[in-house]
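Asker: Here is a sequence together with a model predicted from it:
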Amino acid sequence: MVRIRLKKFGTKKRPYYRIVVQDSRKPRDGTTIEEIGVYHPIEAADKQVSFNEERAKYWISVGAQPSDTVKKLFNKKSS
């Protein structure tokens, strides 16, 4: 199954994440199909999440399942 989930980057106590499309059987930091956005939890609230909405909608339409955290980020960004 293909999932939309977070891939961790950054340094100790300064994380940032990439929102990626990835096979659910791969490890978190394994190979990805496509990178569709970023999440910076330490940034100001208006700059925390940025992603390509068209690509996210495309992947969801072809059956990719977003993780719970990514669902929350998508809802937060769209509201």
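Answerer: Thanks, I have it. Computed from a predicted model, the values in this text were never measured in an experiment. Numbers count the residues shown, from 1 in each chain.
Asker: contacting residues for the residue nearest the centre of the chain?
Answerer: In the chain, the C-alpha closest to the average C-alpha coordinate belongs to residue 19, at a distance of 2.1 Å (CA atoms, centre = their mean). Going by CB atoms under 8 Å, 6 or more residues apart in numbering, residue 19 touches 4-7, 35-39, 51, 56, 70, 73. Bear in mind the C-beta positions are built from the backbone N, C-alpha and C, glycine included.
Asker: Can you give me the neighbour number for residue 4?
Answerer: Neighbour count of residue 4, defined by other CB atoms under 10 Å: 25.
Asker: OK, contacts around the residue lying closest to residue 77 once chain neighbours are set aside?
Answerer: Spatial nearest neighbour of residue 77, chain neighbours left out: residue 49 (4.8 Å); criterion: CB to CB, 6 or more residues apart in numbering. Applying CB under 8 Å, 6+ apart, we find residue 49 in contact with 37, 38, 39, 40, 73, 76, 77.
Asker: Equivalent analysis for residue 22, please.
Answerer: Residue 22 makes contact with 2, 3, 4, 5, 7, 30, 31, 32, 33, according to CB under 8 Å, 6+ apart.
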